[in-house]
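Asker: Mind looking at a prediction? Sequence and model below.
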Amino acid sequence: MISPLFDVRDVTLRFGGVVSLNKVNLHQSRGEILAIIGPNGAGKTSLFNSLTGVYAPQEGAIVFTNSRGKAISIIGKKPFRVSAAGVARTFQASRMFNAMTTFENVKIGAESHRGLGVVGAMFKGPGTRRDEHRSDIRTKELLEFVGLTQQANAIASTLNYGARRRLEIARGLATAPDVLLLDEPAAGTNPTEKLELVELIRKVRDEMGVSILLIEHDMKLVMSLAERLYVLNFGSVIAEGTPAEIRSNPSVIEAYLGSVDTGVAQEARDA
């Protein structure tokens, strides 16, 4: 039986007179690697912001079902509540704590999940020390998982793009999510780093059981990684299907792959 994760129904998001999302419908099953593609301005980031509580759409419903089978309405929830429910996210523009070490960046995620609190952090009682010890252990495990053990003490700002992307994934995983939303994870990476990233994302799903939802412009990466895709254009879903179905969809070829960005079109056909 397929277990639901995200169920998005008729979601409409407006900013004044501008419609950013227009009756968007989307579903994701637990354990699935799902991608959202579309040209710049199509509404991809607006959708991510709606799924994580940053934006509150005026119409529609977003239901997230956690690992315990509890269905949670996302619209109206604050981002920290959505994160606590099991939704983690990375951003296209890096949001690391650049002056902190790699280890410290991941540990912040682990401690926020455990909820040490201000009082616990100040007085460091036995319970706080136990939680901090667990956070240290979890941080080391995650750094090993993403291949950053050797850079644990490196200042985050000194890492190359590939290492930064892996660090962001580790920090997201530190919150123990059910699903990880990746916003342009391959941005700034070279071909070797892209291959390593694909392997890591599959590893996150296969070994940690975390579902993946990603936005990505690199068509070769998307077509090799995603099991299903949604295509957005001007805030509306114009196609949904497997990579093979998307490659051959006339609406996609005309509205996005063919006319908007012919370079991307050729990449998708070759992927």
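Answerer: In hand now; what should we look at?
Asker: helix/strand/coil for Ala244?
Answerer: Ala244 carries the three-state label helix when classified by DSSP: H, G, I helix; E, B strand; the rest coil.
Asker: Tell me, how many residues neighbour it?
Answerer: Counted with other CB atoms under 10 Å, residues neighbouring Ala244 total 9. Quick note: C-beta positions are derived from backbone N, CA and C, even for glycine.
Asker: what comes up buried for the biggest helix by length in the chain?
Answerer: Longest helix in the chain, counting residues (DSSP state H): helix 126-146. Across helix 126-146, burial judged by 16 or more other CB atoms under 10 Å covers Thr128, Asp131, Glu132, Ser135, Arg138, Thr139, Leu142, Leu143, Phe145, Val146.
Asker: Make a markdown table from the residues you listed and add distance to Ile36 and pLDDT to it.
Answerer: Converted to a markdown table, the buried residues of helix 126-146 look like this (distance: CB to CB, whole Å; pLDDT from 0 to 100):
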| residue | distance to Ile36 | pLDDT |
| --- | --- | --- |
| Thr128 | 40 | 64 |
| Asp131 | 36 | 72 |
| Glu132 | 37 | 80 |
| Ser135 | 32 | 88 |
| Arg138 | 30 | 93 |
| Thr139 | 30 | 95 |
| Leu142 | 26 | 97 |
| Leu143 | 29 | 97 |
| Phe145 | 25 | 97 |
| Val146 | 23 | 97 |
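Asker: Go through the residues you listed and name the one nearest Gly43.
Answerer: The closest of the buried residues of helix 126-146 to Gly43 turns out to be Val146 (CB to CB; 29.9 Å).
Asker: mind checking how far the closest one is from Leu200?
Answerer: When distance is defined by CB to CB, to the nearest Å, Val146 is 6 Å away from Leu200.
Asker: before we move on, what about Glu227?
Answerer: In terms of CB to CB, Glu227 sits 17 Å off from Leu200.
Asker: When these two are compared, which one has more neighbours?
Answerer: Of the pair Glu227 and Leu200, Leu200 is the one with more neighbours under other CB under 10 Å, namely 18 against 14.
Asker: residues touching the more buried one, list them.
Answerer: Val146, Gly147, Arg166, Ile169 (CB atoms under 8 Å, 6 or more residues apart in numbering).
Asker: Could you export the helix or strand where it lies as CSV, CA atoms only?
Answerer: Using DSSP states H and E, Leu200 maps to helix 191-208. What follows is helix 191-208, C-alpha atoms only, in CSV (Å, rounded to 0.1, in the frame of the first residue of the first chain):
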residue,chain,number,x,y,z
PRO,A,191,30.2,17.7,-12.9
THR,A,192,32.1,15.5,-10.3
GLU,A,193,30.3,17.2,-7.4
LYS,A,194,26.9,16.7,-9.2
LEU,A,195,27.5,13.0,-9.5
GLU,A,196,28.5,12.8,-5.8
LEU,A,197,25.4,14.8,-4.9
VAL,A,198,23.1,12.4,-6.9
GLU,A,199,24.6,9.4,-5.0
LEU,A,200,24.2,11.2,-1.7
ILE,A,201,20.5,12.1,-2.3
ARG,A,202,19.7,8.5,-3.2
LYS,A,203,21.6,7.4,-0.1
VAL,A,204,19.5,9.7,2.0
ARG,A,205,16.3,8.1,0.7
ASP,A,206,17.5,4.5,0.6
GLU,A,207,19.5,4.3,3.9
MET,A,208,17.7,6.9,6.0
